[in-house]
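>>> mind folding the following:
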Amino acid sequence: MKKSSIFLWITLIFLLGFVAVGGAYWLSLQHLKESAQNRYQKRFEFVSQSLLWQLSSVDYNKLIQELQKLEFVPITHPKEIVKIAKHSTIIKRTKYPVGEVIILKYKGDYYIWVQSYGNMLLLKDISMDIQQSRILYTAIFAVTLILLLILYILIILKLRPLKSITKELQRFSKGDLDIDLNVEGFKEINEVANALQNAADSLKAIQNSRKLLLRNIMHELKTPIAKGRIQAEMVEDEKQKKRLIQIFEKLNSLINELAALEAVNSKIKPSLETITLKDIVEEAIHIGMFDKQDIEIIEKQNPTIKADYKLLAIAVKNLIDNALKYSLDAKATIVLTQDALIVQNRGKPLQKELSFYIEAFNKEGKRSGFGLGLYLVDNILKLHGYTLQYHYEDNHNKFIISLKPSH
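Residues are numbered from 1 along each chain as shown. Presented below is the predicted three-dimensional model:
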């Protein structure tokens, strides 16, 4: 199921809020219009019926005074009367035995036209101004929209640190501990950010301590190994001499692997140099102290690549070591092509996916059968932009270093 962004949900909620407020505003205007018309009609009917009987019999000035008390203003200017009569909208027309009453609407105002026994009177109702009510409703609508918009912007601004936190955590997940989670937002967001920052700082301190300890250990071990290697050269018994040299070479190789593991975990940029693929294989055989009789090299092509000579040799050495260790005939074959280096052996297939074996530890906290070998291989290849692949064909395990850049 596709996960939705909290920003998208908040935006949708506020959009619904805007639509709801707009709908309420429109309905209010419609209700205001209908209510106003109903009030006007009832009011006009009452006034008009009274006027029909009084228009010809009551003193005109007295009648005007009474109408003004009822908030009606007579329109007396002939041109204005003609203009209103010509351009107004007839709301209702009612005929009586003594005359006729017409309710008109012109420019938002309501008028009453009374004719009785040859007398005519045009009155403007000033008691209820629907335009004022409309302005009031519009002002309320505008203020509500502005408040909703301000609230939306404030919430988005307060939640914006979540994007920064997500971006920094993505860096953190890739092993970069130099993250900056100093953000300002809601209290809860700040607390989460501070907790994550403290955790990252603690891990960084632990990692730095581990690096320092590991470097000191390697430095302290290299000195006695170098001295032991020199002393071994002085042994007169050739068999013992050879055995001691192999032991010290193996110890030195382990120290180099430890250094390579540290380089991989520290994401150190590899020191690239131009070398051939066969040179890498020969160096791997040398540092692994393998018997060349147990290894067959099929050189289809020997491309020149740019790689960290020592690191890539250690990766190939580990593949050769595993191939010999788990081979049914204690043999390994290395195939060189333009785009790949293949290390294969005759043996049983892997019981699980390759991804299980390239982890340093599985979910139970235990090493896979290949120890840290394939984990180290995979990470060295990633530093170079290469990939490790696995196939099982014709009773042969094939570990393939693809030299095509990974994307």
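
>>> distance of V73 relative to Y111?
10 Å (C-beta to C-beta, to the nearest Å). Quick note: C-beta positions are derived from backbone N, CA and C, even for glycine.

>>> domains for the chain, by residue range?
Domain assignment for the chain by automatic domain parsing gives 6-132, 165-268, 270-402.

>>> where along this structure do the helices fall?
6-54, 60-69, 78-87, 130-159, 161-173, 187-233, 238-265, 277-288, 309-325, 354-357, 373-384 (DSSP state H).

>>> now tabulate those helices in CSV and tack on distance to D294 and mean pLDDT.
Listed next are those as CSV, based on distance: least, C-beta to C-beta, whole Å; pLDDT from 0 to 100:
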stretch, distance to D294, mean pLDDT
helix 6-54, 59, 76
helix 60-69, 121, 69
helix 78-87, 108, 87
helix 130-159, 62, 83
helix 161-173, 41, 76
helix 187-233, 24, 74
helix 238-265, 15, 76
helix 277-288, 10, 91
helix 309-325, 6, 90
helix 354-357, 22, 86
helix 373-384, 18, 86
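
>>> for L341, which of these is the nearest?
Closest to L341 of the helices of the chain is helix 277-288 (C-beta to C-beta; 5.8 Å).

>>> what residues does that closest one touch?
With contacts defined as C-beta atoms under 8 Å, 6 or more residues apart in numbering, helix 277-288 is touched by 253, 256, 292, 295, 297, 299, 302-305, 307, 309-310, 312-317, 320-321, 334, 336, 341.

>>> how many neighbouring residues does E393 have?
E393 has 9 neighbours, counted by other C-beta atoms under 10 Å.

>>> tell me, how many residues neighbour G228?
With other C-beta under 10 Å as criterion, G228 counts 15.

>>> ok, it - contacts?
244, 248.

>>> returning to what we had before: can you pull the residues that touch both of V73 and Y111?
123-124.

>>> and the two? which has more neighbours close in?
Y111 (23 against 14).

>>> about what we covered before: make JSON lines from the helices of the chain and add distance to Y96 to it.
JSON lines is the format used below for the helices of the chain (distance: least, C-beta to C-beta, whole Å):
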{"stretch": "helix 6-54", "distance to Y96": "6"}
{"stretch": "helix 60-69", "distance to Y96": "18"}
{"stretch": "helix 78-87", "distance to Y96": "20"}
{"stretch": "helix 130-159", "distance to Y96": "27"}
{"stretch": "helix 161-173", "distance to Y96": "73"}
{"stretch": "helix 187-233", "distance to Y96": "73"}
{"stretch": "helix 238-265", "distance to Y96": "101"}
{"stretch": "helix 277-288", "distance to Y96": "111"}
{"stretch": "helix 309-325", "distance to Y96": "108"}
{"stretch": "helix 354-357", "distance to Y96": "95"}
{"stretch": "helix 373-384", "distance to Y96": "98"}
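
>>> and L123, which of those helices is closest to it?
helix 60-69 (6.3 Å).

>>> what is the neighbour count of the spatially closest residue to V316 that is not a sequence neighbour?
Nearest residue to V316 in three dimensions, chain neighbours excluded: A284, at 3.8 Å (C-beta to C-beta, 6 or more residues apart in numbering). Around A284 there are 24 other residues, counting by other C-beta under 10 Å.

>>> for the one 4 residues further on, same thing?
Look at G288: counted by other C-beta under 10 Å, it has 21 neighbours.

>>> and for A332?
What A332 shows, counting by other C-beta under 10 Å, is a neighbour count of 25.

>>> what sits closest to it if chain neighbours are left out?
Nearest residue to A332, sequence neighbours excluded (C-beta to C-beta, 6+ apart): A323, at 3.8 Å.

>>> can you pull the contacts of that neighbour?
A323 makes contact with 332, 343-345, 397, 399, according to C-beta under 8 Å, 6+ apart.

>>> of those, select the buried ones using a PyMOL command.
In PyMOL syntax, the buried subset of the contacts of A323 is picked out as below (16 or more other C-beta atoms under 10 Å):
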select buried, resi 332+343+344+345+397+399
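
>>> between the helices of the chain, which one is nearest to K105?
Among the helices of the chain, if distance is taken as C-beta to C-beta, the winner is helix 6-54, at 8.7 Å.

>>> residues touching the nearest residue to T144 once chain neighbours are set aside, list them.
Spatially, and ignoring its direct neighbours in sequence, T144 is nearest to V21 (5.3 Å; C-beta to C-beta, 6+ apart). Listed by C-beta under 8 Å, 6+ apart, the contact partners of V21 are 141, 144-145, 148.

>>> let's have the residues you listed in TSV, adding neighbour count and distance to L159.
Output for the contacts of V21, formatted as TSV (neighbours: other C-beta atoms under 10 Å; distance: C-beta to C-beta, whole Å):
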residue	neighbour count	distance to L159
F141	17	27
T144	16	22
L145	15	21
L148	15	16
